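Colleague: I need the structure of the sequence given here:
(2 chains, ligands or ions: 1)
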Amino acid sequence: MEYRLWFGKFVNDRFEKADDLRKSFSESCNSAPLPFSVSDIGKEIFGDDYYRILRRVAIEVAEEHVERELKREDRYVISLVRTLDEIANTANLLDERLRELKEIKNSQLVEMFEEKLIELKSLRGDIEKEIEDVMRKIAPNLSEIVGEKIGARLLEKAGSLEKLANYPSSTIQVIGAEKSLFKALSRIRKGKKAKVPKHGVIFQHPFIKTLPKKKRGKMARFMANKIAIAAKIDYFRGELDESLSEEVWRRYEQLSRS
Amino acid sequence: MFKVEMEGKTRLFTRSAYPSHYGERKIGDYREWLPSRSKLASIILKGYVPGIKRDTRLLYLGAATGTTASHVSDIVDGGVIYAVEYSAKPFQKFLRLAMERKNIIPIFADAGNPERYSGIVEKVDFIYQDIAQRNQVGIFVRNFEFFGKSGAEGIICVKAKSIDSTADPDEIYRKVIESLESRFEIMEWNELEPYHRDHIFISVRWKG
Ligand SMILES: C[S@@+](CC[C@H](N)C(=O)[O-])C[C@H]1O[C@@H](n2cnc3c(N)ncnc32)[C@H](O)[C@@H]1O
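Modeller: Have a look, this model is predicted:
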């Protein structure tokens, strides 16, 4: 039997006090509820200082942990989004190979290949789920307005939450449309006619897609505006402001009715 | 906790030696507790008095920046609050509160993994949860399994939209309450109108 407490551990009923409290605090994980209250043991060891010491250690560990986390999470999402793309590409290519192989011969190896490929595809679902979870955490406002998926895509294109938070809404509106924007601009430069694209990644959002063509530009502009605000709140405060998504809803209802 | 008739309204205050935390006003030793900012304040203003006392040991899930937790900290000035939050940005602000208050133990963790803080949090009298998550009921129950004293009380705030964005809120609430009934005695529940739309709170007592 082993119980890990923030200030040490019980191994077969013998208590070993930890030397490094921050380390033991971070590692005080138990798979089942403890059959006693941690503080009862702690007070025997630290006496009246128990909560003072616990608080000090908790704050120190939290500061360090938060610091690390802040640097890492948006990069994690971005890398996951790219991984997802690569898996999709790779799976497509491998699908073709598999088809070819199957036509030639149905060997055990080919079956194994097929199984692995199915596994690879199911990994996509796991990655999507992870992206959703992390997005909710680091960008709750963005996620609420455009959904975790599109939100993550915007983040990936921008390169970081900080950059996204600093984009003007006109840029946000065309994120993901860079290629066609480029083409259009170079046509215009050559004196030819071209339509400047109105929407990039956010165009995938049902609130835009389901509107009549004429109104999509309006909605995209409105959404880009709110996304710009959402990204700023996410970057600077990280707290959910529900009024933002309500405004988007209302605007959508307005436009789809009129 | 003090209800005062003031400026034509019932207002809520907690007695506090500490400064304002989220822009709320401070009158003498009292900080105003705003129902628009805190679901717990709206619960109390709607007439329900939760069993949080001076010496309560409390686990708070979803501390965010500490708006509500700051008032709870005022109330339990002889007790302890273990506060769990997993989002780094709001937690940073929360840490500033924790440094100021002697009764707050900040824990940067996912409330869905109570294992991770099982060696830190003692057995508690009260668990308050406001996390707006699809699986929030499961998370609530797991935390009671780990930390609830027998007969411990709790409040769970449920936002219909986060459980299911399309179903009828009343239907969602009914299901949530039903799923709590096997492990808890339901003491009270109510909507949070007019302060928070599409939210309810459920006050429970742990049967475990
Ligand atoms: C509605 S806010 C809470 C507001 C707070 N109770 C108050 O009144 O001051 C919900 C918080 O729960 C946090 N949260 C959501 N799921 C969580 C989880 N699984 N573990 C820890 N925190 C979580 C979110 O990051 C967010 O800060």
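Colleague: Could I get the contacting residues of residue B:134?
Modeller: Contact analysis of residue B:134 by CB atoms under 8 Å, 6 or more residues apart in numbering or on different chains lists B:162, B:163, B:164. In this view, the C-beta of every residue, glycine as well, is placed from N, C-alpha and C.
Colleague: For the chain, which element, helix or strand, carries the lowest mean pLDDT?
Modeller: Going with chain A. Least confident helix or strand of chain A, by mean pLDDT, DSSP states H and E, is helix A:178-189 with a mean of 76.
Colleague: please go with chain B instead
Modeller: Among the helical and strand segments of chain B, the one scoring lowest on mean pLDDT, DSSP H and E is helix B:160-163, with a mean of 86.
Colleague: what's the spacing between it and its chain's center?
Modeller: Put simply, helix B:160-163 sits 17 Å off its chain's centre (CA atoms, centre = their mean, to the nearest Å).
Colleague: returning to that earlier point: next helix or strand past the least confident helix or strand of chain A?
Modeller: Following helix A:178-189 in sequence order, the next helix or strand is helix A:206-209 (DSSP states H and E).
Colleague: Report all helices and strands that that next one contacts.
Modeller: Other helices and strands packing on helix A:206-209, by 3 or more CB pairs under 8 Å, 6 or more residues apart in numbering or on different chains; DSSP states H and E, are helix A:213-236.
Colleague: What's the mean pLDDT across the helix it packs on?
Modeller: Helix A:213-236 shows a mean pLDDT of 91.
Colleague: what about the residue nearest in space to the middle of chain B, which helix or strand?
Modeller: What sits nearest the mean C-alpha location of chain B, by CA atoms, centre = their mean, is residue B:128, with 3.8 Å. Under the criterion DSSP H and E, the helix or strand holding residue B:128 is strand B:124-129.
Colleague: Please point out which parts of that strand sit buried.
Modeller: Applying a neighbour-count criterion of 16 or more other CB atoms under 10 Å in any protein chain shown, one finds B:124, B:125, B:126, B:127, B:128, B:129 buried in strand B:124-129.
Colleague: what is the last one paired to in the beta sheet?
Modeller: Put plainly, it is residue B:129. Beta bridges link residue B:129 to residue B:61, residue B:156 when assigned by DSSP bridges.
Colleague: ok, now which ones touch it?
Modeller: Counting by CB under 8 Å, 6+ apart, residue B:129 makes contact with B:60, B:61, B:62, B:111, B:136, B:139, B:140, B:143, B:154, B:155, B:156, B:157.
Colleague: Run through the residues that contact the nearest residue to the third one once chain neighbours are set aside.
Modeller: The spatially closest residue to residue B:62, leaving aside those adjacent along the chain, is residue B:131, at 3.7 Å (CB to CB, 6 or more residues apart in numbering or on different chains). Neighbouring residues of residue B:131 by CB under 8 Å, 6+ apart: B:61, B:62, B:111, B:139.
Colleague: Looking at these, which two lie furthest apart in space?
Modeller: Maximum pairwise distance among the contacts of residue B:131 (CB to CB): 9.5 Å, between B:62 and B:139.
Colleague: What is the least confident helix or strand of chain A packed up against?
Modeller: Looks like helix A:178-189 contacts no helix or strand (3+ CB pairs under 8 Å, 6+ apart).
Colleague: Quick one: name the residues of chain B near the ligand.
Modeller: Within chain B, the residues that sit near the ligand (CB under 6 Å from any ligand atom) are B:38-39, B:62, B:64, B:67-68, B:84-87, B:90, B:110-112, B:130-133.
Colleague: Need phi/psi at the residue nearest to residue B:62.
Modeller: With angles defined as degrees, to the nearest 10, residue B:131 sits at phi -120, psi 0.
Colleague: now residue B:95
Modeller: Dihedral angles (degrees, to the nearest 10) for residue B:95: phi -60, psi -40.
Colleague: Could you do residue A:104 as well?
Modeller: With angles defined as degrees, to the nearest 10, residue A:104 sits at phi -80, psi -50.
Colleague: burial measure for it, as a count.
Modeller: Using other CB atoms under 10 Å in any protein chain shown, residue A:104 has 8 neighbouring residues.
Colleague: could I get the contacts of residue B:131 as TSV with neighbour count and pLDDT?
Modeller: Listed next are these as TSV, based on neighbours: other CB atoms under 10 Å in any protein chain shown; pLDDT from 0 to 100:
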residue	neighbour count	pLDDT
B:61	27	98
B:62	22	97
B:111	25	97
B:139	21	97
